[in-house]
Structure formats: structure tokens, C-alpha cells
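Predicted coordinates and the sequence they were generated for:
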Amino acid sequence: LVLHVTGMMEHINAFLNQHLTAYLRDVRVPESIDEVRSFSQREWLALVPLFLVNVLLIWAMLNCFIRFEHVTLPPARINTQQRIELNKVVDTAKAHPSDPQIFCRCWQSKTFPYCDGSHATHNKATGDNIGPLIVEPFDDGDDDNADDEVFPMQ
């Protein structure tokens, strides 16, 4: 391992001493804005690696000293497809009391307001866990549903 690292360091040293020195010696550094305007295409292309290295170094320094975790972004829009020109999308569905209804909550359904299973693709792509709203009918006199939670719609 030591020999491998030593050999690698020798290659890096040779590159820096030979190639980088020759590259920097041949790069034309402008002394004024007028001189920049007179650069040939070849001179501009010679500056690209130097520019990229500087951008990479600046990014690395900023990444080390500035923590971007504290930046909070505004919440993203959930509905990007269904009647987005309206201030609020409200749908009403009529069903027979014995028919269960499955409603979309991901806004991706092609049969909106009904669920077509599009949330599965959405969840896979985003890591989300959204699913449909399933409205199951129940009979008020049925004791089997006495423990069911009922959430009022707002």
C-alpha cells in the first residue's frame, strides 16, 4: 500500500512539475479588457481548465465553511395538473350508500377526483407515502363499526 501511494504521489508530482507548469507558462493573462476582446478561440479554450479548477475550489471552500442545511425553501405546490387556475379545487361525489369510493390525494390521477393508482409512481419517484382516501359506507345501526374512527371533512 505504501509503495502504491508513493508511486501515485510521484505521478502527481511529475504532472504538477511538468504539465501544469508548462500549461500555466503558455496561458496568456490579459492586462486589460481590450486585450480580452482580442483573444482567439484557442486562447479562450486554454482558459477553460483554469476557470473550472477555480470554480471547483470556490465551491469546495464554500461547502466547507457554509452550512446550507438552515436554508428553508417555500413549500412546493402539490397540485400541478388539476384545474390550477382555480383558487381552490372542490369536488363532490354522489354514491350509493353501499358503494365504497376511492378518491385521489396525490393530484396525479388522470381520473381525478377518483384514484387511478398514480400515487404509486409519485411515491416511488419522491419517497412520499401518500395514498388515496377510501370512503367506505357503513350502517349507523351496525355494531361492527362502533370502534371505527370518523374524521369530518373540512
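That came in fine, so what should we check first?

Okay, the most centrally placed residue in the chain and residue 119: tell me how far apart.
With distances taken as CA atoms, centre = their mean, residue 126 lies nearest the centre of the chain, 8.8 Å away. Counting by CB to CB, to the nearest Å, the gap from residue 126 to residue 119 is 10 Å. Yep, even glycine has a C-beta here, placed from its N, CA and C like the rest.

can you tell me which helix or strand residue 108 belongs to?
Using DSSP states H and E, residue 108 falls within no helix or strand.

The closest residue to it other than its chain neighbours: what's it in contact with?
The shortest distance from residue 108 to any non-neighbouring residue, by CB to CB, 6 or more residues apart in numbering, is to residue 118 (3.8 Å). Listed by CB atoms under 8 Å, 6 or more residues apart in numbering, the contact set of residue 118 reads 104, 106, 108, 109, 110.

Strands of the protein, residue ranges please.
101-103, 133-135 (DSSP state E).

Tell me which strands the last one pairs with, and in which orientation.
In other words, strand 133-135. Sheet pairing of strand 133-135 (DSSP bridges) gives strand 101-103 (antiparallel).

could you give the mean pLDDT of the partner strand?
Averaged over strand 101-103, pLDDT sits at 87.

And it, what's buried?
For strand 101-103, a neighbour-count test (16 or more other CB atoms under 10 Å) marks 101, 102 as buried.

who touches that strand?
91, 93, 95, 113, 114, 115, 132, 133, 134, 135.

For PyMOL, what selects the buried ones among these?
Isolation of the buried members of the contacts of strand 101-103 (16+ other CB under 10 Å) is achieved in PyMOL through the command below:
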select buried, resi 113+115+132
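
Show me which pair in the contacts of strand 101-103 is furthest apart.
91 and 134 (15.5 Å; CB to CB).
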